[in-house]
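S.K.: coords please:
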Amino acid sequence: MINRRTLSALLAGAAVASGCTIPTDPLPNNIAYPFRAQVQNASRPEVHNLYMKLLKVGGGDRYLLPVWT
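M.R.: So this is what the prediction gives:
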């Protein structure tokens, strides 16, 4: 018989999975608008909770770089 902890984990997993919406349209392969991403990695304190922006670098290339804001 399933114990309470296992049942709780299964129900929580089902709730999380049902909250995900998989897009039906194909995703574009380019980013046409500005964005930033927050890095969350507690094992690397030098980047934990920092924001990264897509910035232009020499030659017109774009890279994700930290912005420290």
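S.K.: Every contact and neighbour count from this point should use C-alpha atoms.
M.R.: Noted.
S.K.: can you pull out the strands in the chain?
M.R.: Secondary structure of the chain by DSSP state E: the strands cover 36-39, 50-56, 62-66.
S.K.: Can you lay out those strands as CSV showing mean pLDDT, mean neighbour count and distance to Ala15?
M.R.: Formatted as CSV, the strands of the chain follow (pLDDT from 0 to 100; neighbours: other Cα atoms under 10 Å; distance: least, Cα to Cα, whole Å):
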stretch, mean pLDDT, mean neighbour count, distance to Ala15
strand 36-39, 83, 14, 25
strand 50-56, 81, 17, 29
strand 62-66, 77, 14, 33
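S.K.: So for Thr6, which of those strands sits nearest?
M.R.: Evaluated with Cα to Cα, these place strand 36-39 nearest to Thr6, the distance being 30.8 Å.
S.K.: partner strands of that closest one, parallel or antiparallel?
M.R.: strand 50-56 (antiparallel) (DSSP bridges).
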